[in-house]
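Student: With the input below, show me the fold.
(one chain, ligands or ions: 1)
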Amino acid sequence: MSSLSGKVQTVLGLVDPDQLGRTMTHEHLTMTFECCYFPPAPRDEAVAADPFHMRHLHWLRQNPYSCRQNLLLQQETAAVRDELLAYRKAGGGAIVENTTAGLDRDLPTLRQLAKDTGVHIVAGAGYYVDCTHSEDTKRMSVEQLTDVIVAEVLHGADGTDVRCGVIGEIGTGWPITASETRVLRAAAHAQAQLGCPLIIHPGRDPAAPAAVLRILQEAGADIGKTVMSHLDRTIFDEAALLEFAQMGSYLEYDLFGTEMLNYPYDLKVDMPSDSQRVQTLAFLMKEGYEDRVVIAHDIHTKNRLTKFGGHGYSHILNSIVPKMLNRGVSQQQVDKILVDNPKRWLTFK
Ligand SMILES: [Zn+2]
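Tutor: The predicted structure follows:
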């Protein structure tokens, strides 16, 4: 695609990659996460029904998915606009907003937010996890799915003329379902046609990221232009992480700001703290992966906005970067993680 080649595609059009600046590679500005509602314990039902009070802050941080109101990020566009202005002031330049079909993607709102705030916003094409696939989606062939994804990048998505600049987050569970496999193959075919960036949400099993990459590889994807999200809740063993890293994708630590005792979707997981995330980044730097790491917050619930006592979109810039510098990550490596790696990934071939 010569017209896209060498450019990054934002919701306001093509931009020169050097314009992006510091980039969070996995965020949501408007979406619903109702697909993943997790009922509260009976003793917590009253709190869950009316959670937005100071006295419930701790409960909400520990149980963000057990409160239906908290899952409706799309109701907070005014607060998100303020946050993006703060993000710019903190030195942020761009955000990959990888909400896909199944999470209530809202491209007109993304375009308006980009206009209002000056933050470069890159939107996502394709489909989230199986339980959000419509009956229509489940019936589609790989070729039909490919055509939809390609059109979302070249012409616009959801009946708008707003074009996506990345494929994903493409959602997969564990085990990977037949419908998810078709979507993965379609994403690979579309990426091969377009030379565009691709981002994956893997299932919650240490074997899931590699299994996804193998499906993508067989279907002709460019693994070097693919981001594997959510490694902070997926691969914990250092040897396993290095083995996965050798497959060549970008390695994304994107749950900065999320600290909880019990991760409801997989109680076997001990969600790391931000300090532990920084330790893992320092480890990957030492092992030579400074050109492969990207980071973000993956904000997808209301409680993570500053309006609700959360850390907001500037947490990494304000608090995590100083901690990284304090733990042996160099300023040059920080710049690679925040600027150079996202820029290289997002630029069309
Ligand atoms: Zn996400």
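
Student: Report pLDDT for the residue of the chain positioned farthest from its centre.
Tutor: Centroid-distance maximum for the chain: residue 43 at 32.7 Å, with C-alpha atoms, centre = their mean. Looking at residue 43, its pLDDT is 96.

Student: How about the backbone phi and psi for it?
Tutor: phi -70, psi -20 (degrees, to the nearest 10).

Student: List the contacts of it.
Tutor: Contacts for residue 43 (C-beta atoms under 8 Å, 6 or more residues apart in numbering) come out as none. The way it works is simple: take the backbone N, C-alpha and C, and place the C-beta from them, glycine included.

Student: which residues of the protein fall in helices?
Tutor: With DSSP state H applied, the chain shows helices at 45-49, 57-62, 77-89, 107-117, 135-139, 142-154, 178-194, 208-218, 238-245, 274-286, 315, 321-326, 331-335, 341-346, listed in chain order.

Student: Enumerate the positions of the first one that are buried.
Tutor: For helix 45-49, a neighbour-count test (16 or more other C-beta atoms under 10 Å) marks 47, 48 as buried.

Student: what about residue 316, distance to residue 144?
Tutor: 38 Å (C-beta to C-beta, to the nearest Å).

Student: Which residue of the two possesses the greater neighbour count?
Tutor: The neighbour count for residue 316 versus residue 144, taken as other C-beta atoms under 10 Å, is higher for residue 316 (27 against 13).

Student: Thought residue 294 was touching the more buried one, still the case?
Tutor: No: look at residue 316 against residue 294 with C-beta atoms under 8 Å: they stay out of range, at 10.9 Å.

Student: What is the burial count for residue 19?
Tutor: Neighbours of residue 19 (other C-beta under 10 Å): 12.

Student: list the contacts for it?
Tutor: 8, 93, 120.

Student: Residue 318 too?
Tutor: Contacts of residue 318 by C-beta under 8 Å, 6+ apart are residue 90.

Student: pLDDT score assigned to it?
Tutor: 98.

Student: Pull up the gap between it and residue 135, please.
Tutor: Residue 318 is 44 Å from residue 135, by C-beta to C-beta.

Student: And for residue 262?
Tutor: In this view, residue 262 and residue 135 are 34 Å apart by C-beta to C-beta.

Student: Compare neighbour counts for the two and give me the winner.
Tutor: Neighbour totals were compared for residue 262 and residue 135, and residue 262 leads with 11 against 6 (other C-beta under 10 Å).

Student: since we're on the nearest residue to that one once chain neighbours are set aside, how many residues are nearby?
Tutor: Once flanking residues are discounted, residue 262 sits nearest to residue 62: 7.3 Å by C-beta to C-beta, 6 or more residues apart in numbering. Residues within reach of residue 62, counting by other C-beta under 10 Å, total 14.

Student: Compile the helices of the chain into a markdown table and extend it with columns for distance to residue 167.
Tutor: What follows is the helices of the chain, written out as a markdown table (distance: least, C-beta to C-beta, whole Å):
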| stretch | distance to residue 167 |
| --- | --- |
| helix 45-49 | 35 |
| helix 57-62 | 32 |
| helix 77-89 | 23 |
| helix 107-117 | 15 |
| helix 135-139 | 15 |
| helix 142-154 | 6 |
| helix 178-194 | 5 |
| helix 208-218 | 11 |
| helix 238-245 | 21 |
| helix 274-286 | 24 |
| helix 315 | 27 |
| helix 321-326 | 28 |
| helix 331-335 | 26 |
| helix 341-346 | 12 |
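
Student: For residue 253, find the nearest of those.
Tutor: In terms of C-beta to C-beta, the element of the helices of the chain nearest to residue 253 is helix 274-286, at 5.3 Å.

Student: what comes up buried for that closest one?
Tutor: 274, 277, 278, 280, 281, 282, 284, 285.

Student: do stretch 193-204 as well
Tutor: In stretch 193-204, counting by 16+ other C-beta under 10 Å, buried: 194, 195, 196, 197, 198, 199, 200, 201, 202, 203.

Student: First residue to last residue on it, what's the distance there?
Tutor: End-to-end distance of stretch 193-204 (C-alpha to C-alpha, to the nearest Å): 30 Å.

Student: where does the protein have low pLDDT?
Tutor: Applying pLDDT under 70 to the chain flags the ranges 1-2.
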